[in-house]
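Q: The following comprises the amino acid sequence and a computationally predicted model.
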Amino acid sequence: MKSKSNKSICKICGSDFARSGMTRHIKSCLGKHFKAKTKGKAKRLYYLHIYAFYNPDYFLHILISENARLEDLDNFLRDIWVECCGHMSSFMRPGQHQEIGMKNKINEIFEPGLTFSYMYDFGDTTELSIKNIEIFNGAIKSKKKIQLISRNSPPLVACDECNKNMAEIICAQCQWDGTGWLCKKCAKNHECGDEMFLPVVNSPRTGVCGYTGD
């Protein structure tokens, strides 16, 4: 899959940036617009950069409360990116194969600069990397435990057949060979048949295990 990425929006200030510049911008933006604005109510918030291990064009930037648990982050990732059939998931420390318990609090395990792995579905696995960029003092909007700061704009993938139109459908069979990204016109004549088709959605799990983004 060859894709082009549009600029993505920072939800704090509304500016748009390419993937490579988003982390640097958000650190600056949080310092300007977020710090020390909630005197007396401020809590430690962890700024996490989450991205697909095999395709970093899929990314999320979030703030998460220090008192949130890994199960809260797991539910967030399932809702926004990976949930399809109730598969199991796990968090792991770098270089280790031992799972971290879902009841662990964020402030018990995350340190600035540390990267963890997240696995969803141990058959057709979607693997994410989660890096703690920095810790801030502030309050999350609407008293939620997690606030989304930025999400990648949908990658633009050209149809593998005509190489002109953008792909809107993916063949779940052909995608294992690195092909099968189809525009609607070319999908009509694709040999695998529409029973193998899944919609192209803005998720690193697109085309896998019946995932439709719903």
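A: Perfect, I can see it now. Numbers count the residues shown, from 1 in each chain.
Q: where exactly do the strands run in the protein?
A: 3-4, 8-9, 16-17, 43-52, 55-65, 89-92, 99-100, 115-120, 126-138, 146-151, 156-157, 169-171, 181-182, 197-199 (DSSP state E).
Q: buried sites along the last one?
A: Judged by neighbour count (16 or more other Cβ atoms under 10 Å), strand 197-199 contains these buried residues: 197-198. Using the backbone N, CA and C atoms, a C-beta is placed for each residue, glycine as well.
Q: neighbouring strands for that strand, and are they parallel or not?
A: The strands beside strand 197-199 in its sheet (DSSP bridges) come out as strand 169-171 (antiparallel).
Q: how does the chain divide into domains?
A: Domain ranges of the chain: 3-151, 158-199, per automatic domain parsing.
Q: Which helix runs longest in the chain?
A: helix 19-33 (DSSP state H).
Q: Output the below-cut-off pLDDT ranges for this structure.
A: Along the chain, segments meeting pLDDT under 70 span 1-5, 34-41, 142.
Q: before we move on, the earlier item: relative to E191, which of the strands of the chain is closest?
A: Nearest of the strands of the chain to E191, taken as Cβ to Cβ: strand 169-171 at 9.1 Å.
Q: residues making contact with that closest one?
A: The contact list for strand 169-171, computed with Cβ atoms under 8 Å, 6 or more residues apart in numbering, reads 179-184, 187, 190, 192, 196-200, 206-207.
Q: mind checking how far that strand is from the chain centre?
A: 20 Å (Cα atoms, centre = their mean, to the nearest Å).
Q: orientation of the longest helix of the chain relative to strand 43-52 in degrees?
A: 170 degrees (axes from the mean of the first three to the mean of the last three Cα atoms, to 10 degrees).
Q: just to revisit the earlier point, quick one: the domains of the chain as JSON lines, columns for distance to Y211 too.
A: What follows is these, written out as JSON lines (distance: least, Cβ to Cβ, whole Å):
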{"stretch": "domain 3-151", "distance to Y211": "4"}
{"stretch": "domain 158-199", "distance to Y211": "7"}
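Q: Out of those domains, the one nearest G213 is which?
A: The nearest among these, by Cβ to Cβ, is domain 158-199 at 6.9 Å.
Q: Could you tell me how far the closest one lies from the centre of the chain?
A: Centre-to-centre, domain 158-199 and its host chain are 23 Å apart (Cα atoms, centre = their mean).
Q: Begin at 5, not 1, for the rest of this chat.
A: Sure, I'll start counting at 5 from here, so that last one is domain 162-203.
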